[in-house]
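Student: return a 3D structure for these sequence lines:
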Amino acid sequence: MKSAFPARWLAAVLFPFVVTAGGVATAPALPPSAIVVGFVGGFVHHNDEGHREVQLADELRRDYRSGVDVEVFANHAAQAHSRILSLLDGDRNGSLSGAEKSRARIVLYGHSWGASEVVATARALEKDRIPVLLTIQVDSVRKPGENDSLIPANVAEAINFFQVDGLLHGRRQILASDPARTQILGNFQSSYKTKKINTESYPWYARLFMGPHIQIEADPGVWDRVELLIRSKLGPIT
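Tutor: So this is what the prediction gives:
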């Protein structure tokens, strides 16, 4: 005689529990309540503590010990995109449901080529129909094949910090592809003609050829604003 309790009902009762190799039923890991992804510029390693992008990530991890995932990547949008999808996949079934996508709370920030990757990552997430809370670009330099000036419509808020004093300088203006859906918080210029920032930790050739470009990366005034914006999306420390 067939069971009066169809297998699909049994699966529904047991879900969302997962049986491990040891035979113990456990609930799948919950996705983080917020995801913060930073991108370093140029050919900088993702864990180079000499750069403010990495230092900021360390500070956020120390303060938000649970519920917030903070990661830094070299300027490779594809790697960051894959990692974000993995973090959002709470039931680990290899695909994202509408609910998993709608719960996403993502902040992206970066400097130089890393800022270009911020927009590229947001654009990849737009194709997946995943929202982004905030994008932050610091002296954004467009990577070949990318468009770092037009913010995709899945981004709620975007902001741009730049300088134009040196041989290598950032994009002056970012625009929303859909102003009804994306608020551009501003395009804010810094000048280092008279304002000097300590960049002694950088290589001599960077100081010689990219002076203002690395000064804005090391400028505590700029990064205090970046940090404040990110923390405003993460909420109080618990």
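
Student: can you pull the buried residues of the helix or strand containing residue 135?
Tutor: Residue 135 is part of strand 132-138, with elements assigned from DSSP states H and E. Neighbour-count burial for strand 132-138 flags 132, 133, 134, 135, 136, 137, 138 (criterion: 16 or more other C-beta atoms under 10 Å). For the C-beta atoms, the positions are set from N, CA and C on the backbone; glycine is no exception.

Student: the nearest residue to residue 168 once chain neighbours are set aside: which element?
Tutor: Sequence neighbours aside, residue 213 is the residue nearest to residue 168 in space, at 4.4 Å (criterion: C-beta to C-beta, 6 or more residues apart in numbering). Per DSSP H and E: residue 213 is located in helix 211-218.

Student: ok, residue 120 next?
Tutor: Residue 120 belongs to helix 113-127, assigned by DSSP H and E.

Student: what's the burial count for the residue lying closest to residue 141 once chain neighbours are set aside?
Tutor: Leaving aside its sequence neighbours, residue 141 sits nearest to residue 112 (C-beta to C-beta, 6+ apart; 4.8 Å). For residue 112, the neighbour count with other C-beta atoms under 10 Å is 28.

Student: for residue 112, give me its contacts.
Tutor: 41, 42, 75, 138, 139, 140, 141, 168, 170, 213, 217 (C-beta atoms under 8 Å, 6 or more residues apart in numbering).

Student: which residue sits closest to the fifth one, ignoring its sequence neighbours?
Tutor: Among residues not flanking residue 139 along the chain, residue 170 sits closest, at 3.3 Å (C-beta to C-beta, 6+ apart).

Student: so the one you found sits in a strand?
Tutor: No - Residue 170 is assigned coil when assessed by DSSP: H, G, I helix; E, B strand; the rest coil, not a strand.

Student: in this protein, which spans are helices?
Tutor: 7-14, 52-63, 77-88, 98-102, 113-127, 204-209, 211-218, 220-234 (DSSP state H).

Student: rank these by pLDDT, which is bottom?
Tutor: Ranked by mean pLDDT, the helices of the chain bottom out at helix 7-14, which scores a mean of 38.

Student: mind listing what's buried in stretch 78-94?
Tutor: In stretch 78-94, counting by 16+ other C-beta under 10 Å, buried: 79, 80, 81, 83, 84, 85, 87, 88, 89, 90, 91.

Student: does the fifth one touch residue 125 like I think?
Tutor: Okay, so that is residue 84. Yes - at 6.9 Å, residue 84 counts as touching residue 125 under the criterion of C-beta atoms under 8 Å.

Student: mutual contacts of these two, please.
Tutor: If you check residue 84 and residue 125 against C-beta under 8 Å, 6+ apart, the residues they both contact are residue 106.

Student: out of the buried residues of strand 132-138, who's nearest residue 32?
Tutor: Set against residue 32, the nearest of these by C-beta to C-beta is residue 133 (13.0 Å).

Student: grab the nearest non-local neighbour of residue 124.
Tutor: residue 81 (4.5 Å).

Student: please apply the same query to residue 165.
Tutor: Using C-beta to C-beta, 6+ apart and skipping residues adjacent in sequence, the residue nearest residue 165 is residue 212, 4.1 Å away.

Student: any idea how far that neighbour is from residue 190?
Tutor: 8 Å (C-beta to C-beta, to the nearest Å).

Student: ok, these two, which is more surrounded?
Tutor: The residue with more neighbours, out of residue 212 and residue 190, is residue 212; 24 against 20, by other C-beta under 10 Å.

Student: enumerate every residue touching the nearest residue to residue 102 once chain neighbours are set aside.
Tutor: Closest residue in space to residue 102, ignoring its immediate chain neighbours: residue 131 at 7.5 Å, by C-beta to C-beta, 6+ apart. Going by C-beta under 8 Å, 6+ apart, residue 131 touches 101, 102, 104, 106, 125, 154, 155, 156.
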